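*Asks:* One predicted model, sequence on top.
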Amino acid sequence: VQAEREGASVDRWLLSSMVAIYVEMGAGELDVYVDELEAPLLAATVAFYARRAVVWAEQCSCPEFLINAERALDDELARRVAYLHAHTEELLLRVCEIEILLKHEKTMLSKEHSGLDALLQQNKTDDLCRLYRLYSGIHMVDGLQPIAVIVQKHIEREGFALLAEQQRKVEESVEVGGE
């Protein structure tokens, strides 16, 4: 799994066969699979994405980070489907979401020229949709709350700017009409 995460080509059929052996060793129970394969896999996943996400957060804009996160989640889901037991899916996605998305949410949302406020101001619909899709996933707990706060402030700021513009226009028309 680690080799595939690093970009190496792996024999997924062979990996699937090896996983099946762990499942069969449990004689109808998943204890052997969970203890001997799943638990170390999840620990390695946490370590891998803890390192990888730090690099992405430091080097990427918010949209680039989100693209990397989406790709990583898609890759992990594809791995699960290809050769891991279905029991692993929810746990695998959860640890990925925590390490990639939750731990870096505030940093990415507040990036100066590419964070959420910039995405809203520049009307970056694709990036905003990706952000919503990632943070509204079934495994996310309160992932949308920080986003909602920023969106609310943006709407208030835009609303007050529109009101101020309308007030300015009214005052100009009164000045022109009153002369």
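*Replies:* Structure's in. What do you need?

*Asks:* For the lengthiest helix in the chain, name the packing helices and strands.
*Replies:* Longest helix in the chain, counting residues (DSSP state H): helix 145-178. Counting by 3 or more C-beta pairs under 8 Å, 6 or more residues apart in numbering; DSSP states H and E, the packing neighbours recorded for helix 145-178 are helix 105-109, helix 116-121, helix 125-135. In short, each C-beta sits where N, CA and C put it, glycine included.

*Asks:* what about the ones you listed, which gets the closest to Pro63?
*Replies:* Among those, helix 125-135 comes nearest to Pro63, with 4.3 Å by C-beta to C-beta.

*Asks:* Using CSV, write down the CA coordinates of the closest one.
*Replies:* Provided in CSV are the C-alpha atoms of helix 125-135 (Å, rounded to 0.1, in the frame of the first residue of the first chain):
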residue,chain,number,x,y,z
THR,A,125,-17.3,28.1,-8.3
ASP,A,126,-15.5,24.9,-9.0
ASP,A,127,-13.2,25.4,-6.0
LEU,A,128,-16.1,26.3,-3.8
CYS,A,129,-18.0,23.2,-4.9
ARG,A,130,-14.9,21.1,-4.2
LEU,A,131,-14.5,22.7,-0.8
TYR,A,132,-18.1,22.0,0.1
ARG,A,133,-18.0,18.4,-1.2
LEU,A,134,-14.9,17.6,0.8
TYR,A,135,-16.0,19.2,4.1
